[in-house]
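1. Sequence and predicted model, in that order:
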Amino acid sequence: MQKIIVNLSSLKAKLLEAEKEDMDIMELCIVASQMEDEISQPAFLHFEGISKNGTHKDYESIDEFLILERLLIDKSA
């Protein structure tokens, strides 16, 4: 099983946006982290809404919430 951790408020914002636009289905794709030009890019969750009439809309994505970075930030304070 592939997992991803995302910020709850970012996730809610994407879902509320799709709901306001009467989307009935949300397709979620986890895109794994990658190396680009020796720089690590975080994994992200991509959203695509699908309406009852089959129309698709790209809701873009949110980056993975990196727990380790958050722990380091909280400890430094």
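-> Nice, thanks for sending it over. Only a predicted model underlies this, so the values are computations on that prediction, with no experimental measurement involved.

2. hey, what's the nearest residue to Ala18 once chain neighbours are set aside bridged with?
-> Leaving aside its chain neighbours, Ala18 sits nearest to Gly49 (4.3 Å; criterion: C-beta to C-beta, 6 or more residues apart in numbering). Placement of C-beta: from N, CA and C, glycine included. Gly49 has these beta-bridge partners by DSSP bridges: Met26, Lys57.

3. Run through the residues that contact Gly49.
-> Gly49 sits next to Ala18, Glu21, Met23, Ile25, Met26, Glu27, His56, Lys57, Tyr59 when contact means C-beta atoms under 8 Å, 6 or more residues apart in numbering.

4. Quick one: the residues you listed as TSV, columns for pLDDT, neighbour count and distance to Met1 too.
-> Shown next, in TSV, are the contacts of Gly49 (pLDDT from 0 to 100; neighbours: other C-beta atoms under 10 Å; distance: C-beta to C-beta, whole Å):
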residue	pLDDT	neighbour count	distance to Met1
Ala18	98	20	24
Glu21	97	12	30
Met23	97	21	26
Ile25	97	12	21
Met26	97	14	19
Glu27	98	12	18
His56	98	11	26
Lys57	98	13	27
Tyr59	98	19	23
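
5. of all the residues you listed, which comes closest to Ile39?
-> Tyr59 (25.4 Å; C-beta to C-beta).

6. chain center to whichever strand or helix holds the closest one, what's the gap?
-> Secondary structure assignment for Tyr59, by DSSP states H and E: strand 56-63. Here strand 56-63 is found 8 Å from its chain centre; the criterion is C-alpha atoms, centre = their mean, to the nearest Å.

7. Same question for stretch 50-69.
-> For stretch 50-69 - counting by C-alpha atoms, centre = their mean - the centre lies 5 Å from the chain centre.

8. again with stretch 17-27
-> 15 Å.

9. Next, the distance between the ends of it.
-> Terminal residues of stretch 17-27 are spaced 14 Å apart (C-alpha to C-alpha, to the nearest Å).

10. Between which two of the contacts of Gly49 is the distance greatest?
-> Spatial extent of the contacts of Gly49 (C-beta to C-beta) is set by the pair Glu21 and Glu27 at 14.6 Å.
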